[in-house]
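In: Could you work out the structure for the sequence below:
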Amino acid sequence: MTPEARISTAIELLDRILDGDPAERVLTRWARASRFAGSKDRAAVRDIVFDVLRRKRSLAWPLPETGRNLALAHTRAAGLSVEEMFTGEGYAPAALTPAEKAFSPSNLQEAPLAVQLDVPDALLDELHASLGDDLRPVLETLQGPCTRRSAGQSSKDSRERRDHGSDER
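Out: Got it, this is the predicted structure:
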């Protein structure tokens, strides 16, 4: 799959997820039905979808939450050229509309704090009470992807120390 095709696929999947289907189910069904997609393609699409879902509020602001708007904002945030990715050629997403070409990403600093940090409004006060001055750094960390190394590293290290009796890493 080309990078453009990956974005097109992510748009379709995001639209299903935004309609209420569980993300994991949508991704699993797509992967099973898309035998043409290799493991790297499936991983890339999955990464796009989950990155968008993690940062949905800040990516969409101030536009409506649609798969296309979110993928467009994600592409811009990744530093990729939306003009090159959204061409409508081959498997690329449809070409940019005049409004999308004219749109300039808004200054996120003007957005409400809950939008900037990608949390529901109802949780912001409780999180602030719990985290205090660490609110922004903690929530900004959660906006980024979990690295595969950090996700399982501590339990692996614990097993190695236990099995080998070593205190070294």
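In: what stretches of the protein score poorly on pLDDT?
Out: Applying pLDDT under 70 to the chain flags the ranges 147-169.
In: Please tell me how far the residue nearest to the spatial centre of it sits from residue 80.
Out: For the chain, the residue nearest the mean C-alpha position is residue 51 (1.2 Å; Cα atoms, centre = their mean). As defined by Cβ to Cβ, to the nearest Å, residue 51 lies at a distance of 13 Å from residue 80. For glycine as for every other residue, the C-beta is placed from the backbone atoms N, C-alpha and C.
In: Residue ranges of each domain in this protein, please.
Out: 1-110, 112-169 (automatic domain parsing).
In: Helices of this protein, start to end?
Out: If DSSP state H is used as the criterion, the helices of the chain fall at 3-18, 23-33, 39-54, 56-60, 67-77, 82-85, 98-102, 113-116, 121-131, 135-143, 148-164.
In: so which of those helices gets nearest residue 91?
Out: helix 3-18 (3.6 Å; Cβ to Cβ).
In: hmm, who's touching the closest one?
Out: For helix 3-18, contacts defined as Cβ atoms under 8 Å, 6 or more residues apart in numbering pick out 1, 23, 26-27, 30, 34, 37, 41, 44-45, 48-49, 52-53, 65-68, 70-71, 74-75, 80, 85-87, 89-93.
In: ok, residue 61 - how many residues close by?
Out: Using other Cβ atoms under 10 Å, residue 61 is surrounded by 18 other residues.
In: Pretty sure residue 108 is one of the things it touches, is it not?
Out: Yes - Residue 61 is within contact range of residue 108, at 6.8 Å (criterion: Cβ atoms under 8 Å).
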